[in-house]
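Engineer: sequence and predicted model, in that order:
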Amino acid sequence: MRPLDRVLQRWRIARAGPWLADGAEVLDVGCADGALFRRLRRLGPGLGVEPTLDAPRAVARSELRPGRVPDAVPPGRTFDAVTLLAVLEHVPAAAQRALADACAALVRPGGVAVVTVPAPAVDRVLAVLRRLRLVDGMSLDEHFGFDPRDVPRVFAAPHWELVRHRPFQLGLNNLFVFRRTPTRAR
């Protein structure tokens, strides 16, 4: 990960942070190297799940596990919040709703899902930055033509209620916050 990748990652974390309460137990889907837990040390013990990890490891007060949600999450464990920062655009469209439903089953009613997704123009910007060797642009080939307008349809009723949508990074990125409804998730 290059310095500009880190800057963009920290920016996403800074946007998500205000939606995560002090002491909250957070499930970070696509946690990379656990940057969210290192940056937000005020969080409670959390779990990061990342398919590119080779082995489990500890970061701050949290555990990182290789794999995907929900399989990598210990049975019976639930969270106050789930974060998917620059993750949903890497999930094939046919699997996105199942991921949102799996997150609903892992987040306690009243908890939140904090999601960031890039605008479609970001692919072209990152391609140029990658050619200039300013970013690694992790897994750009996995964006699947993602459209941020689809996020509210993915994290939808009956399990999720949209609380906030706000573009940031000059409109090149989007923050979505959903509240977990009291419905029973699978």
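Structural biologist: Now that the structure is in, tell me what you want to look at.

Engineer: show me where this structure has its strands.
Structural biologist: Ranges of strands within the chain are 26-29, 47-50, 57-59, 62-66, 79-85, 107-118, 160-168, 173-180, based on DSSP state E.

Engineer: out of these, which is the most enclosed?
Structural biologist: The highest mean neighbour count among the strands of the chain, using mean count of other Cβ atoms under 10 Å, belongs to strand 26-29: a mean of 28. Quick note: C-beta positions are derived from backbone N, CA and C, even for glycine.

Engineer: partner strands of that one, parallel or antiparallel?
Structural biologist: Strand 26-29 pairs in its sheet with strand 47-50 (parallel), strand 79-85 (parallel), by DSSP bridges.

Engineer: so where's the chain shaky on pLDDT?
Structural biologist: 135, 137-144, 185-186 (pLDDT under 70).

Engineer: try 90
Structural biologist: 1-8, 90, 119-146, 169-172, 183-186 (pLDDT under 90).

Engineer: which residue sits farthest out from the middle of it?
Structural biologist: Residue farthest from the centre of the chain, counting by Cα atoms, centre = their mean, is residue 132 at 26.8 Å.

Engineer: now do the same contact list for residue 112.
Structural biologist: For residue 112, the contact set (Cβ atoms under 8 Å, 6 or more residues apart in numbering) comprises 19-20, 80-82, 163, 177-180.

Engineer: farthest pair within these?
Structural biologist: For the contacts of residue 112, the maximum inter-member distance is 14.5 Å, found between 80 and 163 (Cβ to Cβ).

Engineer: quick one: stretch 71-85 to chain centroid distance?
Structural biologist: Offset of stretch 71-85 from its chain centre (Cα atoms, centre = their mean, to the nearest Å): 11 Å.

Engineer: okay, which residue is most central for the chain?
Structural biologist: By Cα atoms, centre = their mean, the chain has its centre lying nearest to residue 84, at 0.9 Å.

Engineer: related to what we said a few turns ago, let's have the strands paired with strand 26-29 in JSON lines, adding distance to residue 8.
Structural biologist: Formatted as JSON lines, the strands paired with strand 26-29 follow (distance: least, Cβ to Cβ, whole Å):
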{"stretch": "strand 47-50", "distance to residue 8": "17"}
{"stretch": "strand 79-85", "distance to residue 8": "10"}
